[in-house]
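Undergrad: need the 3D shape of this:
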Amino acid sequence: MPNHNAHLIVSTPGRICLFGEHQDYLELPVISCAISLRVNIDAVPLAGPKIVIHTLPAGRDWTIQLDAPVKYEAERDFFRSGLKVLQDAGLTFSKGFECTVEGTIPIRAGASSSSAMIVSWINLLARESDQQKELSPEECAILAHVAEVLEFDGAGGRMDQYATALGGVLFQSYHPCIQVDKLTPDFGAFVLGDSGEPKDTQRVLSKVKNRVLSLVRRISSRHPDFSLQTVMREDLDRYVGGFDASDKSILLATIRNRDITLNARTLLTASSLDERTFGNLLNEHQSILRGALEISTPKIDRMLDASLAAGAFGGKINGSGGGGSMFVYAPRDPEIVAEAIKMVGGKPYIVHVDGGTRVE
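TA: Model prediction:
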């Protein structure tokens, strides 16, 4: 059991989305990969009924009183939402603590820094509760999704919370129910590149999500048998009569991305990894994200082009898009690829597959 008098550090990784960008909220499968950049929360006990939070390098502080009802004080007040969600789950908090939040995941870059922070926070809070609860990674993921997305009516799906809480490489499917399978490909290094371009995750997610869901509703009103999970590319035309070219294009892109993800799962469960084919699938996914979904940017395209010219096997934008980061698979000479990203204005990070949330 945890000790309320103990110094406690909880750590959770960021993630890259290998395949299935803009798919999880449509209940289509994704393949995620936790990476060796992490958020750590370092906590020490306090005598009074309050939590004091210091965030680095932002330099912002929070104080939460434990002897008062939780009241949100910001648009996405994740520290308080995490506390509320655990209280709703039956945990109680009478003893306070002081903690410092810091990490190596680039902020607002699509690498799930916020989800990693919230998973760490949920994991820490449960252990610091009166019940001293040790949550499983799956429980951390479920509660973090409630705290991050459902409490604020957010546009995202569940990929980030499962990816960061469970770690490793995961095939995540959501229809007809949630199923998460661990994959064990023998990956080498990836290089993550932060473009430095700020991104509005909720705006981009809502724009793409709302458009696709509106199209699905239009089709389903005429064809109740229509399903994004099962429709074949060659059958799409019989469902989209009267739709304009751009609507047809985004629906076809969604189905193509689904099929790329399923093909990638087969590839990643083989006895040995075909690295060239893996890289080609990443490039194919990126071409759809850039062309049909229009979520890439000229700078990220330059970073990808420079990486491929320097020897990377393939890559794509990472996260919701409209800025943020990209990544490439670079098992050979990742330092050369990192330098190429740096030369076109990106900030590179050489990363590997990492484990999920844990007590350090």
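Undergrad: make it CA atoms for all contacts and neighbour counts henceforth
TA: OK.
Undergrad: the worst-scoring helix or strand of the chain on mean pLDDT: what's the following helix or strand?
TA: Ranked by mean pLDDT, DSSP states H and E, the helix or strand of the chain with the weakest confidence is helix 201-222, at a mean of 85. Downstream of helix 201-222, the next assigned helix or strand under DSSP states H and E is helix 245-268.
Undergrad: give me the contact list for that following helix.
TA: 19-21, 23, 28-31, 171, 183-185, 212, 215, 228, 231-233, 236, 240, 273-274, 278, 281, 285, 288, 292-293 (C-alpha atoms under 8 Å, 6 or more residues apart in numbering).
Undergrad: centre of the chain to the longest strand that the chain contains, how far?
TA: Ranked by residue count and defined by DSSP state E, the top strand of the chain is strand 30-45. Its chain's C-alpha centre and that of strand 30-45 lie 12 Å apart, by C-alpha atoms, centre = their mean, to the nearest Å.
Undergrad: just the CA trace of it, in CSV.
TA: The C-alpha trace of strand 30-45 is given here as CSV (Å, rounded to 0.1, in the frame of the first residue of the first chain):
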residue,chain,number,x,y,z
VAL,A,30,-6.1,3.3,-34.3
ILE,A,31,-2.5,2.1,-33.6
SER,A,32,-0.8,4.2,-30.9
CYS,A,33,2.8,4.1,-29.7
ALA,A,34,3.9,5.4,-26.3
ILE,A,35,7.3,7.3,-26.5
SER,A,36,10.2,7.9,-24.2
LEU,A,37,9.2,11.5,-23.4
ARG,A,38,7.2,11.7,-20.1
VAL,A,39,5.3,13.9,-17.6
ASN,A,40,6.4,13.4,-14.0
ILE,A,41,4.4,14.6,-10.9
ASP,A,42,6.5,14.7,-7.8
ALA,A,43,4.4,14.9,-4.6
VAL,A,44,5.2,15.3,-0.9
PRO,A,45,2.6,15.4,1.9
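Undergrad: what's that strand packed up against?
TA: strand 8-19, strand 97-103, helix 113-128, helix 159-166, strand 169-173, helix 245-268, strand 347-351 (3 or more C-alpha pairs under 8 Å, 6 or more residues apart in numbering; DSSP states H and E).
Undergrad: out of those, the one nearest Gly321 is which?
TA: Gly321 lies closest to strand 8-19 among the helices and strands packed on strand 30-45, at 11.6 Å (C-alpha to C-alpha).
Undergrad: Met303 reaches Gly346, doesn't it?
TA: Yes: the pair Met303 and Gly346 passes the contact test of C-alpha atoms under 8 Å, sitting 6.9 Å apart.
Undergrad: intersection of neighbour lists for the two?
TA: With C-alpha under 8 Å, 6+ apart, Met303 and Gly346 have common neighbours Gly193.
Undergrad: okay, these two: which has more neighbours?
TA: Using other C-alpha atoms under 10 Å as the criterion, Met303 and Gly346 rank with Met303 on top: 33 against 23.
Undergrad: residues contacting that one?
TA: If you count contacts by C-alpha under 8 Å, 6+ apart, then Met303 has Gly193, Met326, Ala340, Ile341, Val344, Gly345, Gly346 around it.
Undergrad: from the residues you listed, which land in strands?
TA: Gly193, Met326.
Undergrad: including pLDDT and distance to Ala264, could the contacts of Met303 go into a markdown table?
TA: Formatted as a markdown table, the contacts of Met303 follow (pLDDT from 0 to 100; distance: C-alpha to C-alpha, whole Å):
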| residue | pLDDT | distance to Ala264 |
| --- | --- | --- |
| Gly193 | 98 | 22 |
| Met326 | 97 | 19 |
| Ala340 | 98 | 27 |
| Ile341 | 98 | 25 |
| Val344 | 98 | 29 |
| Gly345 | 98 | 30 |
| Gly346 | 98 | 27 |
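Undergrad: for Val359, state which of the contacts of Met303 is nearest.
TA: Of all these, Val359 sits closest to Gly193, with 27.8 Å by C-alpha to C-alpha.
Undergrad: run through the bridge partners of the closest one.
TA: Beta bridges link Gly193 to Met326, Pro348, judged by DSSP bridges.
Undergrad: what sits against the closest residue in space to Ser32 that isn't next to it in sequence?
TA: Once flanking residues are discounted, Ser32 sits nearest to Cys17: 4.6 Å by C-alpha to C-alpha, 6 or more residues apart in numbering. By C-alpha under 8 Å, 6+ apart, Cys17 lies in contact with Val30, Ile31, Ser32, Cys33, Asn318, Gly319.
Undergrad: and Cys17, how far is that from Ala340?
TA: Distance of Cys17 to Ala340, given as C-alpha to C-alpha, to the nearest Å: 22 Å.
Undergrad: ok, Leu236 next?
TA: Distance, Leu236 to Ala340, using C-alpha to C-alpha: 41 Å.
Undergrad: then Pro137?
TA: For Pro137, the distance to Ala340 equals 36 Å [C-alpha to C-alpha].
Undergrad: of the contacts of Met303, just the buried ones, ChimeraX syntax please.
TA: The ChimeraX command for the buried members of those (criterion: 16 or more other C-alpha atoms under 10 Å) is given here:
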select :193,326,340,341,344,345,346
